[in-house]
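Colleague: This is a predicted model, with the sequence first.
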Amino acid sequence: MTIDEIIRKELDIEDKSLTRLCVDAEINFKNAIRVNNIVNNFIKPIEATHDKDHEKFFKENGYLELGQLFSDDELDQLTNIIDNEPGYNYHIAANAYNREAKVFSDDLDWNIMSYEPSVFLKSEVLLKKITDPKLLSLVQAYLGCFPTMYSVNCVWSKFTSETFKTQLKHRDYDDFKFLSFFVFLTDIDDDNGPHMYYPKTQNGEEPNCDPVIIKGKKGTVFLADVYGFHNGVPLNSGKRCLLWCRFGLMLNNMHYKDQCHLFKQKPENIFSKIEDNEHNRYLLRGFLDT
């Protein structure tokens, strides 16, 4: 049995057609501990090399701003990937309103557009960043075990006077414990759709303070536990582009609902760009054609 089959059997969650694993915070906490124990017995955690102050802040608040982790050249390589790449009219390509694909432009009348996962799985820049031991060490500390990357996506939003559903305050329910690694691929200010996060709601609490508005120059990176309340602020003008990778405890139901499992890459194409080791293969197993 694979590790994911073991987890599903132990927790009786074998039906991958279910969207949400659980909406109850207390049950999520208990199940996360159970999965932590299974995973930690299956694959050894990596050495802790991250900033302990970052870990403390992240665990207390549910989000963490990391500043600029990409050079200008790396950002150019990321944005060049989608210059002429067709995308789909929804925030998840597999769930698009229709299968018509278009290249993003100022003339496009869609207020939301996303790309298939394979687009960025070919990026050496992104693969190196998400397999950086210091980042994975921090993610591991937050989740309680070595992570599984189950989703990668890139979304354009633009002002059309319409509000898309992810621009309304909400929680996500992908896994018993999970987080997103976000990268701004355009400059984002108060007018063109900053990210709004409600601190200290990541463990099921209701908001009891003002939300944090996360904005910044192209290349700004932050982590967020998106079980906590959050949303993209509706745009007043312009456009914005946001890239994300999601890390969880397993290849969860959302991995299958969003059809990420259909975008497998040949291992030699991945490991010609990053180190071929046990942890990287485990991290990316949902996207490896093995």
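Modeller: Yep, that arrived.
Colleague: Now do residue 190: how many residues are near it, please.
Modeller: Residues within reach of residue 190, counting by other C-beta atoms under 10 Å, total 10. In this view, the C-beta of every residue, glycine as well, is placed from N, C-alpha and C.
Colleague: And stretch 267-277, what's buried?
Modeller: For stretch 267-277, the neighbour count (16 or more other C-beta atoms under 10 Å) marks 270, 271, 273, 274 as buried.
Colleague: In strands, which of these fall?
Modeller: Nothing among the buried residues of stretch 267-277 maps onto strands, per DSSP state E.
Colleague: Adding pLDDT and distance to residue 90, write these out as CSV.
Modeller: Converted to CSV, the buried residues of stretch 267-277 look like this (pLDDT from 0 to 100; distance: C-beta to C-beta, whole Å):
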residue, pLDDT, distance to residue 90
270, 97, 27
271, 98, 31
273, 97, 29
274, 98, 30
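Colleague: where exactly do the helices run in the stretch 1-150 of the chain?
Modeller: Taking DSSP state H, counting those that start in this stretch as the criterion, the stretch 1-150 of the chain carries its helices at 3-11, 25-42, 52-61, 72-81, 118-121, 124-130, 133-143.
Colleague: Excluding sequence neighbours, find me the nearest residue to residue 202.
Modeller: Sequence neighbours aside, residue 62 is the residue nearest to residue 202 in space, at 3.2 Å (criterion: C-beta to C-beta, 6 or more residues apart in numbering).
Colleague: Break down the stretch 51-200 of the chain into its strands, ranges please.
Modeller: 63-68, 86-87, 102-103, 112-114, 148-158, 178-184, 195-197 (DSSP state E, counting those that start in this stretch).
Colleague: nearest to residue 1, of these?
Modeller: If you check each of these against residue 1 by C-beta to C-beta, strand 148-158 wins as the nearest, at 15.8 Å.
Colleague: quick one: strands adjacent to the closest one?
Modeller: Paired neighbours of strand 148-158 in the sheet (DSSP bridges): strand 112-114 (antiparallel), strand 239-248 (antiparallel).
Colleague: excluding its backbone neighbours, what's nearest residue 110?
Modeller: Using C-beta to C-beta, 6+ apart and skipping residues adjacent in sequence, the residue nearest residue 110 is residue 89, 4.9 Å away.
Colleague: Okay then, goodbye and thanks.
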